[in-house]
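Visitor: Got a sequence here, can you build the structure:
(chains A and B)
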There are 2 protein chains.
Amino acid sequence: MASTILKRTSFSSLRSVAGGLRMGATPFRAFAAKVEAGTDLLAAAPDVSLQKARSWDDGVSSKFATTPLKDIFRDKRIVIFGLPGAYTGVCSQQHVPSYKNNIEKFRAQKVDSVICVAVNDPYVMNAWAEKLEAINAIEFYGDFDGSFHKSLGLEKDLSAALLGPRSQRWSAFVVDGKVKVLNIEEAPSDFKVSGADHILKQI
Amino acid sequence: MASTILKRTSFSSLRSVAGGLRMGATPFRAFAAKVEAGTDLLAAAPDVSLQKARSWDDGVSSKFATTPLKDIFRDKRIVIFGLPGAYTGVCSQQHVPSYKNNIEKFRAQKVDSVICVAVNDPYVMNAWAEKLEAINAIEFYGDFDGSFHKSLGLEKDLSAALLGPRSQRWSAFVVDGKVKVLNIEEAPSDFKVSGADHILKQI
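Guide: The predicted model follows:
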């Protein structure tokens, strides 16, 4: 139970959780990402697919088709960012808007697509994208079973925030499947290195 | 991968999945619910809590509080229905509206609350309830880790529909924690016995 987990923590760490997904009073990177600059995503996660955000009816029409990573990354310049969940705070208020509002700058850098991915199903991702009025600027994908983030070592248990197994907050610039730039926040509540302004300087 | 699962199925069962969450060509109840008429929910799931639907900001303000089942069911007459997921087809178009549109009939039967629960986080449930304009009639709860549905044997793997571990479609009338009536659809795509019209005749 999340309530039990929270009761076990000190007040300062509880406040940090409440402040937005930081799981300890002192932020530290308590994980080992399997991906870094230089990693070939297609080799690191050869059997992984994502699920393009769509309405339920479109899901049925598509026979619940998924999108292999190679169809997303092969021969393309992609900026991709991952976040802890649709309809959560920093994600809705800062992370997605930072990319949406800078979409022309990415296009000027010959970025083929800016992609948002989260451990949510594609129907929730679609509804959230529509609510944020971002679906025309950004491509949204679900990672409903977390297999993409697990393959990259970017998964994170956010049960204390009533979310369950989700992901770090991160961004990457990927060319033909190879990671050129990778930014991972120290805590999912942080928004220091994973926004559009930061990666625009790195491309 | 969902696509792999689907490829393994026959066309008729694929069509059934696409038609809405039926996992085989011939519907059958391939599960054993641990709950039935007469079951005391508070005894069957003593340590289980649900998560009241709320915005992320309200989640933070509440310190991610959860609601023990006894606070929901003790000394109350409750109608509760469960469904495979926010923003999916039958759930949005038929299941929730059937209860919303009949809320006065439940009140006339001295039902204290009509509750909708799904294996989603409480922020997604809140956004969906707002979109359906149902949040003033029905109480929405998340079962983000599926522990409630697992305790009752009502869980269901819906990975083939890109949803992951979710639940059966069901409804129940519960008085002071004791199940008086339980209806479970043969397949989550069905909407024959779990709607408001049906349970109103059983109260």
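Visitor: Residues contacting stretch A:40-51, please?
Guide: When contacts are defined by C-beta atoms under 8 Å, 6 or more residues apart in numbering or on different chains, stretch A:40-51 is touched by residues A:34-35, A:66-70, A:72-74, A:117, A:121-122, A:125, A:141-144, A:147-148, A:151-152, A:174, A:177-179, B:1-3, B:162. Yep, even glycine has a C-beta here, placed from its N, CA and C like the rest.
Visitor: tell me, how many neighbours does A:Tyr99 end up with?
Guide: 26 (other C-beta atoms under 10 Å in any protein chain shown).
Visitor: and it, what is it in contact with?
Guide: By C-beta under 8 Å, 6+ apart, the residues touching A:Tyr99 are A:Val79, A:Phe81, A:Phe106, A:Val114, A:Cys116, A:Ala134, A:Ala137, A:Ile138, A:Gly195, A:Ala196.
Visitor: For these, pick the one with the most neighbours.
Guide: A:Cys116 (28 neighbours).
Visitor: Could you report the separation of that residue from A:Trp56?
Guide: 19 Å (C-beta to C-beta, to the nearest Å).
Visitor: Please apply the same query to A:Pro165.
Guide: 23 Å.
Visitor: quick one, which of the two is more surrounded?
Guide: Neighbours were counted for A:Pro165 and for A:Trp56 using other C-beta under 10 Å; A:Trp56 has more, 24 against 15.
Visitor: and that one, how far is that from chain B?
Guide: A:Trp56 is 4 Å from chain B, where distance means C-beta to the nearest C-beta, to the nearest Å.
Visitor: Ok, A:Leu154 next?
Guide: 18 Å.
Visitor: what's around that residue, how many residues?
Guide: A:Leu154: 25 neighbours (other C-beta under 10 Å).
Visitor: what does A:Val174 give?
Guide: Neighbours of A:Val174 using other C-beta under 10 Å come to 25.
Visitor: Strands of chain A, residue ranges please.
Guide: With strands called from DSSP state E, chain A shows them at A:49-52, A:67-68, A:77-83, A:113-118, A:139-142, A:155-157, A:165-167, A:170-175, A:178-184.
Visitor: Same list (those strands) but as a markdown table, adding mean pLDDT.
Guide: As requested, these are arranged in a markdown table below (pLDDT from 0 to 100):
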| stretch | mean pLDDT |
| --- | --- |
| strand A:49-52 | 98 |
| strand A:67-68 | 98 |
| strand A:77-83 | 97 |
| strand A:113-118 | 98 |
| strand A:139-142 | 98 |
| strand A:155-157 | 96 |
| strand A:165-167 | 98 |
| strand A:170-175 | 97 |
| strand A:178-184 | 97 |
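Visitor: lowest confidence element among the helices and strands of chain A?
Guide: Among the helices and strands of chain A, helix A:2-8 carries the lowest confidence by mean pLDDT, DSSP states H and E, at a mean of 33.
Visitor: so how many other residues sit close to the closest residue to A:Ile115 other than its chain neighbours?
Guide: For A:Ile115, ignoring the flanking residues on the chain, the nearest one in space by C-beta to C-beta, 6 or more residues apart in numbering or on different chains is A:Ile80 at 4.3 Å. A:Ile80: 23 surrounding residues under other C-beta under 10 Å.
Visitor: In the sheet, which residues pair with A:Ile80? Tell me.
Guide: With DSSP bridges as the criterion, A:Ile80 is bridged to A:Ile115, A:Ala172.
Visitor: Please name the residues that touch it.
Guide: A:Val114, A:Ile115, A:Cys116, A:Val117, A:Ser171, A:Ala172, A:Val174.
Visitor: Likewise for A:Lys192?
Guide: Counting by C-beta under 8 Å, 6+ apart, A:Lys192 has contacts A:Glu185, A:Glu186, A:His198.
Visitor: what about the first one, neighbour count?
Guide: Other residues lying near A:Glu185 total 24 when counted by other C-beta under 10 Å.
Visitor: got a pLDDT number for it?
Guide: On the pLDDT scale, A:Glu185 is placed at 95.
Visitor: and what of the last one?
Guide: The score at A:His198 is 96. That number is its pLDDT.
Visitor: The nearest residue to it once chain neighbours are set aside pairs with what?
Guide: Using C-beta to C-beta, 6+ apart and skipping residues adjacent in sequence, the residue nearest A:His198 is A:Asn183, 6.3 Å away. On the basis of DSSP bridges, A:Asn183 is bridged to A:Ser171.
Visitor: Return the distance of A:Asn183 relative to B:Asn101.
Guide: 48 Å.
Visitor: ok, these two, which is more surrounded?
Guide: A:Asn183 (17 against 13).
Visitor: Could you pull up the residues touching the more buried one?
Guide: A:Trp170, A:Ser171, A:Ala172, A:Val193, A:Ser194, A:His198, A:Ile199, A:Gln202.
Visitor: Neighbours of the third one, how many?
Guide: Pointing back at A:Ala172 there. When neighbours are counted by other C-beta under 10 Å, A:Ala172 comes out with 26.
Visitor: Is it in contact with A:Lys178, as I believe?
Guide: No. The criterion here is C-beta atoms under 8 Å, and A:Ala172 misses it with A:Lys178 at 10.2 Å.
Visitor: Nearest residue to A:Gly38 in space, please, no chain neighbours.
Guide: Closest to A:Gly38 by C-beta to C-beta, 6+ apart is A:Val179, at 6.4 Å.
Visitor: residues near that neighbour, how many?
Guide: 20.
Visitor: Distance of it relative to chain B?
Guide: From A:Val179 to chain B the distance is 22 Å (C-beta to the nearest C-beta).
Visitor: A:Ser92: neighbouring residues, count only.
Guide: Count around A:Ser92 with other C-beta under 10 Å applied: 21.
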